[in-house]
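> following is a predicted model, sequence given first.
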Amino acid sequence: MTRRLASFSFAKRVPSTPSIGSTTVTKPDHIHLSFGFAAPHLFPIDQLSVSAAEAVTLHGRKALQYSGSGGPGKILKWIQNRSLVHGINAELNQILVTYGSTQGIDLATRILVDPGDHVWVESPSFFSALQAFRTAEAVITSFPIDEDGVRVDLIENALLEAKRNHKPIPKLVYTMPTYHNPGGVTLSVEKRKRLAELAETYNFYILEDDAYSELNFTGNKYPPLYTLIPERVIYLNTFSKIIGPGLRLGWLIADQHVIDKVRLLNLGGSIGVFTQEILAQLLENFAFQGHVDSLSRHYRKQRDVMAEAIKESFGEHVSFHLPEGGFYIWLRFDDHVNTSEFLQDAANRGVSFVDGKSFFVKPEGYQYARLCFSYVSEEQIVRGVKILADTYFAYLNNPVPS
């Protein structure tokens, strides 16, 4: 007997979630330039195996309880000490472990933003953050980036205009200031200082997503925005890029008012306490700085291979900023090009990328594409970029009818 159920009305605040960048392709020989994944061969598998065994044998009975054993406390202390390397001085009670930095975006949005409140973002911006703001029913305004990060001068002009005309001031400004996803740019020190001053003057929070900051290819140092105005910055980071994304562990640092509000949303107790126990065992005797240096050397070489492949395969047809760190190169084509129109053809030929429109608030950015150099091999990078270029030139010769 076939049941006939009536249609059901789900909550209107839940947005649609289309596939991003052909990420559902599963062919074994497919080249995933769309995946913002860490290189799997760099995961510290042997050390994690030992750490997992120690977590079970030494602390298993307590670590498997709701509150866990000593691991969560050790992780907080490790985060506190590592943050000092980057100039962040935070008390232990100002640090919360999260399910990756993306949960930190969600938590910060939920405590700060009511429906109709204003959130300002970079253009382009991280698509999962945009989804969080849309789910919160925020009014989202975007500001372009240049080679020195977001145009803080345009943010300042918009704030002046809003105050002059009695328009809403943003509750939240979201930024990825260091090795931006997808733009690859880094916010200059001067812009960081000015944005911090604006947050103080106009009384809004900055949500600082610092997920890629450890992957530094140049040695240049940039102060986290948190160090400039800790009372108005919610700082996010993650173990996903530096240990392994499957751990699903990140952290949030903020003033006590924010932390107290976030704790009220934490209905399920502590985050992944047994996973924290394993990670604590790893970090206790792990040459972390050497590990990070190794990651940075590897990803820098991957970046250079991709940059050369782009120049070789595309010539003058694209431009891009060479990132100082992170995972991505952000390609710009001529304005008449729509990368969405050859996305599927590229997938059919064996390579995926993320089309530019996925990173924008408005219907724009069609002339951009994000390529990730972290997940695939050097040979795959060269071959994938060549396939993508062939796809693009075929598109130029046979454009999709508008």
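Ah, there it is. Quantities reported herein were computed from a predicted structural model and do not represent experimental measurements.

> could you measure residue 264 against residue 258, distance?
11 Å (C-beta to C-beta, to the nearest Å). Yep, even glycine has a C-beta here, placed from its N, CA and C like the rest.

> when the two are compared, which one has more neighbours?
Using other C-beta atoms under 10 Å as the criterion, residue 264 and residue 258 rank with residue 258 on top: 22 against 9.

> chain neighbours aside, what residue packs nearest to that one?
Excluding its sequence neighbours, the residue lying closest to residue 258 (C-beta to C-beta, 6 or more residues apart in numbering) is residue 234, at 5.9 Å.

> cool, and residue 83?
Residue 83 sits nearest to residue 90 (C-beta to C-beta, 6+ apart), 5.9 Å away.

> surely the one you found touches residue 81?
No: between residue 90 and residue 81 there is no contact under C-beta atoms under 8 Å: 10.5 Å.

> of these two, who's got more company?
Neighbours per residue, other C-beta under 10 Å: of residue 90 and residue 81, the larger number sits with residue 90, 19 against 10.

> could you check how far that one is from residue 340?
Residue 90 sits 42 Å away from residue 340, going by C-beta to C-beta.

> what's the single longest helix in this structure?
In terms of residue count, the longest helix belonging to the chain (DSSP state H) is helix 288-314.

> return the list of helices and strands in contact with it.
strand 328-332, helix 378-397 (3 or more C-beta pairs under 8 Å, 6 or more residues apart in numbering; DSSP states H and E).

> could you give me the average pLDDT of the helix or strand harbouring residue 160?
Secondary-structure assignment from DSSP states H and E places residue 160 in helix 152-164. Summarised as a single mean, pLDDT over helix 152-164 is 98.

> got the CA coordinates for the helix or strand just after that helix in CSV?
Later in the chain than helix 152-164, the nearest helix or strand by DSSP H and E is strand 172-175. The C-alpha trace of strand 172-175 is given here as CSV (Å, rounded to 0.1, in the frame of the first residue of the first chain):
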residue,chain,number,x,y,z
LEU,A,172,28.4,42.5,12.5
VAL,A,173,31.2,42.8,9.9
TYR,A,174,32.5,39.5,8.8
THR,A,175,36.0,39.3,7.4
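
> gap between strand 172-175 and the chain center?
13 Å (C-alpha atoms, centre = their mean, to the nearest Å).

> what helices and strands are in contact with that strand?
Against strand 172-175 (3+ C-beta pairs under 8 Å, 6+ apart) you get helix 100-112, strand 118-123, helix 189-202, strand 205-209.

> closest one to residue 283 among the ones you listed?
helix 100-112 (17.1 Å; C-beta to C-beta).

> rounded mean pLDDT for that closest one, please.
For helix 100-112, the per-residue pLDDT averages 95.

> which other helices and strands contact that helix?
helix 127-135, strand 172-175, strand 205-209, strand 233-238, strand 250-253, helix 256-265.

> tell me the strands beside the fifth one, with direction?
Each strand pairing with strand 250-253, determined using DSSP bridges, is listed with its direction: strand 95-98 (antiparallel), strand 233-238 (antiparallel).

> contacts for the longest one next, please.
When contacts are taken as C-beta atoms under 8 Å, 6 or more residues apart in numbering, the neighbours of strand 233-238 outside the stretch itself are 79, 88, 98, 100-101, 104-105, 108, 196, 199, 205-211, 213, 224-226, 249-254, 258.

> take the strands paired with strand 250-253 and lay them out in TSV including distance to residue 303 and mean neighbour count.
Shown next, in TSV, are the strands paired with strand 250-253 (distance: least, C-beta to C-beta, whole Å; neighbours: other C-beta atoms under 10 Å):
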stretch	distance to residue 303	mean neighbour count
strand 95-98	28	22
strand 233-238	20	27
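
> with that, I have no additional questions.
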